[in-house]
Structure formats: C-alpha cells, structure tokens
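Visitor: below is the sequence, then the predicted model.
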Amino acid sequence: MRVEVVAVGTELLLGQILNTNAAWLGAELAAAGMDAEYQSVVGDNVERIALVFRGALARSDAVVACGGLGPTQDDCTREAVAAMLNIPLKRDEAVLDVIRSRFQRAGRPMPESNARQADVPEGARVIPQTMGTAPGLCIPVGEKALYLLPGPPAELHDMWERAVAPELRQRAAARGETASISSRVLRTWGLSESALAERLADRFRALEEAGGNPSIAFLASGIEGIKVRITAKGATEGEALSLLEAEEARVRELLGPAVFGVDGETIAEVVGRLLVERGFRLGVAESLTGGMVASYLVNVPGASAWFTGGVVAYDARVKRDLLGVPDGPVVSEDAALAMAAGACRLLGSEVGLGLTGVAGPDAGEGNPPGTVYVAAWGPLHEGQESGEGGDARLLHLPGGRQQVRELATISALDLLRRRLDSQVASRRR
Ligand code: ATP
Ligand code: MG
C-alpha cells in the first residue's frame, strides 16, 4: 500500500523549523510495511495545499498530512480540503465542547479563534485530541483516505499511534497486503567503504537478482565507521525478522570482526559490555587525544563499573616519569605499549590503552600529521607484571586535528575490542 506524507507549513519551506515530522513518519511507514514513494512540503495556502493533496491522492492509497490545524489565520489545511473536495466545513459541537473544557481546566477563557478548530469537513471522522486542542481528521476520498494531523510532534505521534497506524494496517490487510518491514544496521570499523563493498559484492548481486528482499545498503553517516543496513520484508513481522536474521548471519560471516555492533550501539558501549563480561577494568594513557578516550568511555552510563581512569600524558617527561615510557622517540610502538602497560599499573586496571601520535597540523618527531600509534595491553592478572603482553597498531589517519584525534580514539577502542574478542576465542580453542 502506497502512503505519502505531506507536511504543511510555510515555516518549513523557509527553513525556520526542521521537517522532523516527515522523517519520523517515513520511519514509521517503513516499520509498518507501507511503501512511501513521495513526500511533499507545502506552504500555508489554500490553493497550493489543495493542489498537493490532489496530486498525492491521485498516486497514493492514503495521504498523511501534518500541520496547519491550529487556530490562527495561517492555519488553513481544513479549508483546503473542503475546497478541494467541494464539501462544507461544519462546526462540530462535541469537538467545540472538548476544546472549551480544555481552556476551562486551564482557567483561561477560550479565544474565539479556537472555535475554528472544531470545524470538520462533512463526512470526516474526528480523531479525538488528548494533548493539544486541534483534533485530527480522517477524510474518506473514494476508496482512499486523507489523514490530517496536528503539527506539534507529540500530538502527531500520539494520534499516529492511537488512530492512524492501526487503521493503515487494517486497510493494507483488507487489500491482502500484510507486509512488515524489519531492518538492522551492522556497524563496522576497520574496512574502507570500497573494501566493504568488495566483500559484499557477490551477495549484493545475488540479492538484487533474487528480487531485492532482503536488501543491503551502505550508510556512511557520522565518524564512527561505515554502516551496513539490512532490510527484509515479509508477510508477517515474524517472517520479516527471520529473513533479516538469516541475512545478518551471512553478512557477518563476510565481514568478520569488522562488525562491532548493531543499530545505535557505540564502540565505547561495546567495549564496556565486553569488559563487564570478562570482569576486567580499563585504564587509559592518552597523549594526542588528551582525554577524548576517557570522555568517550564515561559517556556510557555505568562506566564506573569498568573504567578506572586515565592519564593525559602530553609531555614526553610525563610519559617517561609517570608511565615508564623508555627513552627514545615517543611517537612509536614501544611508547604506545609502555603507556598502555603503565596505565594498568598506575590505575590498577587489568587492561590498558595507550595512544601517542601527531594530531597536526605540523609534523612531530619527523612524522607527518596523522601518524598515530595505539596499543592495548593486558589482561594483567593479580601479581603479574607483564600479563599477556599487548597489541599495537600504526595508523595513518586522514583529516584535520580534530578528526585525527577522533579517529585515533575510535581506533584504540576498536583495537581493545578485537583483543578482548580474540582472547576469548583463543581460550575456547
Ligand atoms: P497548532 O495548533 O500548534 O498551531 P498546527 O496543526 O497548526 O498546530 P502548525 O501551526 O503547522 O501546526 O505547527 C505547529 C508547531 O508544530 C510548529 O511551530 C512546530 O513546532 C511543529 N511542527 C509543525 N510541522 C512540523 C514538522 N513538519 N516537523 C516538525 N515539527 C513541526
Ligand atoms: Mg498553527
């Protein structure tokens, strides 16, 4: 079933408010298994709203509009619908009573302009208001339906969940379409977008040839890695989910340890979870990131259970005196490892991270900007001095100072994640 969204409001066109309702409705429609092929934005103008509604109703099975139901003169969605369908607006006394009693409860007289919100196009069904003043409206147009919802997001969400989504599902079921869509995002780190695409190329092609269900897509938003979204459609939620899970298993196999988490999970959360599972605590020693790793970690609620603390060791003397970094270059693998081991000792943690490098824009110790060493150390068991050693990586990170520091932070956390994962795997072997 094709459902499209029309957002009404001149302030949306002018960029004064962001059209978050359309984004929200788009996600909801997908989750409900509806095909959303168009979205529009139109200003507060009777003729233009009518024109957009007419076009939307011609090509879709239902239209969900938001905004322009308020009491002010510029709010004219109701009038536009009445004009388009050539039906009168009738003041609904029951709706007016509800609006009036809302004002009474608030101890304020109802402004005369609010009475307009009780105007209902003939033949429309009222979606009762539970939060604001304007009710929603469902207007049948032949076999199709036009839903008018208020602009304020909380009111929109409430009416969508209470009245519109269930009715759209019913309509889809009546047409023999009970599709449900499920999707999941696999978050990756360590592979470039082209390397990812290469690994998935055959699978991608096979899915396309089989009709595109399930489907995979790459998303490169944000700094924390490249995302692979898997979407599956089924007759029921259970069917969509089992298709999705089977595909997820295949994709995970192709990507291996590059996948660090799913959906909204951050790498710091994943590291925290692994530490809790293994019963280890983490201490960090940071040079170029200057506390950014610690800051990422304490963003995770409950981090005190597994994060002991950090040392910002910026000056070479601090690296040597406090952390036991040996004489020699401080932008080096040895220095990063010594920092990670020093963090364990100094901060009483079983595992440690060390980061040293050149954030830029100038070179340091003859290394170009973006030269970074990250190291993970441990686990150090009680009474042990060296534990199971550590892993270190040399990175050549792109971008300016801030980006280099962020990429270094994520890379260090990823190194630890892989180390914790592989140690468990090797112990199982
Ligand atoms: P009201 O009764 O509050 O006037 P309304 O149905 O007339 O509601 P609008 O006047 O169009 O709706 O918008 C009211 C408020 O709702 C806006 O100021 C804005 O905060 C929010 N809003 C409207 N449309 C959107 C949208 N598409 N995305 C996000 N927020 C929106
Ligand atoms: Mg308004």
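Guide: Perfect, I can see it now. Since the structure is predicted, the reported quantities are computational estimates derived from the model, not experimental observations. Residues are numbered from 1 along each chain as shown. Ligands and ions are numbered 1, 2, ... in the order given.
Visitor: tell me the contacts of the residue of the chain at minimum distance from ligand 2?
Guide: Nearest to ligand 2, among the residues of the chain, is Gly70, at 2.6 Å (C-beta to the ion). (C-beta placed from N, C-alpha, C; glycine too.) Under the criterion of C-beta atoms under 8 Å, 6 or more residues apart in numbering, the neighbours of Gly70 are Gln117, Ala134, Pro150, Gly151.
Visitor: so the second one belongs to a strand, correct?
Guide: Looking back up the chat, that one is Ala134. No - applying DSSP: H, G, I helix; E, B strand; the rest coil, one finds Ala134 to be coil, outside a strand.
Visitor: name the residue most distant from the centre of the chain?
Guide: The outermost residue of the chain relative to its centre, with distances by C-alpha atoms, centre = their mean, is Asp327 at 45.2 Å.
Visitor: which stretches of the stretch 151-300 of the chain form strands?
Guide: 180-188, 215-219, 226-234, 259-262, 282-286 (DSSP state E, counting those that start in this stretch).
Visitor: whatever residue of the stretch 251-400 of the chain ends up closest to ligand 1 and Arg187, how far apart?
Guide: As assessed by C-beta to the nearest ligand atom, ligand 1 sits closest to Gly264 within the stretch 251-400 of the chain, at 21.3 Å. Distance of Gly264 to Arg187, given as C-beta to C-beta, to the nearest Å: 9 Å.
Visitor: which element is Pro140 on?
Guide: Per DSSP states H and E, Pro140 falls inside strand 136-141.
Visitor: show me what that strand is packed up against.
Guide: Applying 3 or more C-beta pairs under 8 Å, 6 or more residues apart in numbering; DSSP states H and E, one finds that strand 136-141 contacts helix 77-85, strand 119-121, strand 125-127, strand 144-149.
Visitor: so for it, what's the average pLDDT?
Guide: Averaged across strand 136-141, the pLDDT comes to 97.
Visitor: so how far is stretch 87-106 off the chain centroid?
Guide: 39 Å (C-alpha atoms, centre = their mean, to the nearest Å).
Visitor: close to ligand 1, is it?
Guide: No - Stretch 87-106 lies out of reach of ligand 1 by C-beta under 6 Å from any ligand atom, never closer than 10.7 Å.
Visitor: ok so, going back, deepest in the core, which of the strands of the stretch 151-300 of the chain is it.
Guide: Per residue and on average, the most neighbours among those fall to strand 282-286, with a mean of 29 (mean count of other C-beta atoms under 10 Å).
Visitor: in its sheet, what does it sit against?
Guide: strand 307-312 (parallel), strand 351-357 (parallel) (DSSP bridges).
Visitor: got those strands as a markdown table, with mean pLDDT, distance to ligand 2 and mean neighbour count columns?
Guide: Formatted as a markdown table, the strands paired with strand 282-286 follow (pLDDT from 0 to 100; distance: least, C-beta to the ion, whole Å; neighbours: other C-beta atoms under 10 Å):
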| stretch | mean pLDDT | distance to ligand 2 | mean neighbour count |
| --- | --- | --- | --- |
| strand 307-312 | 98 | 47 | 20 |
| strand 351-357 | 97 | 51 | 32 |
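Visitor: and those as a markdown table, adding distance to Ala32?
Guide: Listed next are the strands paired with strand 282-286 as a markdown table, based on distance: least, C-beta to C-beta, whole Å:
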| stretch | distance to Ala32 |
| --- | --- |
| strand 307-312 | 40 |
| strand 351-357 | 44 |
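Visitor: so which of these is nearest Thr77?
Guide: Thr77 sits nearest to strand 307-312 of all the strands paired with strand 282-286, at 51.6 Å, using C-beta to C-beta.
Visitor: doesn't Ala36 make contact with Leu29?
Guide: Yes - between Leu29 and Ala36 there is a contact at 4.4 Å, judged by C-beta atoms under 8 Å.
Visitor: need the residues touching each of the two.
Guide: With C-beta under 8 Å, 6+ apart, Leu29 and Ala36 have common neighbours Val3, Val5.
Visitor: neighbour count winner among the two?
Guide: Higher neighbour count among Leu29 and Ala36: Leu29, with 24 against 19, using other C-beta atoms under 10 Å.
Visitor: ok now do the more buried one, which residues does it touch?
Guide: Leu29 touches Val3, Val5, Asp35, Ala36, Val64, counting by C-beta under 8 Å, 6+ apart.
Visitor: now the third one, nearest residue through space, not along the chain?
Guide: Excluding the flanking residues, the one nearest Asp35 by C-beta to C-beta, 6 or more residues apart in numbering is Arg2, at 4.9 Å.
Visitor: distance check, the one you found against Gly9.
Guide: Taking C-beta to C-beta, one finds Arg2 at 23 Å from Gly9.
Visitor: higher neighbour count, those two?
Guide: Gly9 (23 against 16).
Visitor: about what we covered before: list just the nearest of the contacts of Leu29 to ligand 1.
Guide: Checking these one by one against ligand 1 (C-beta to the nearest ligand atom), the nearest turns out to be Val5, at 8.9 Å.
Visitor: before I go, just wanted to say thanks for your time.
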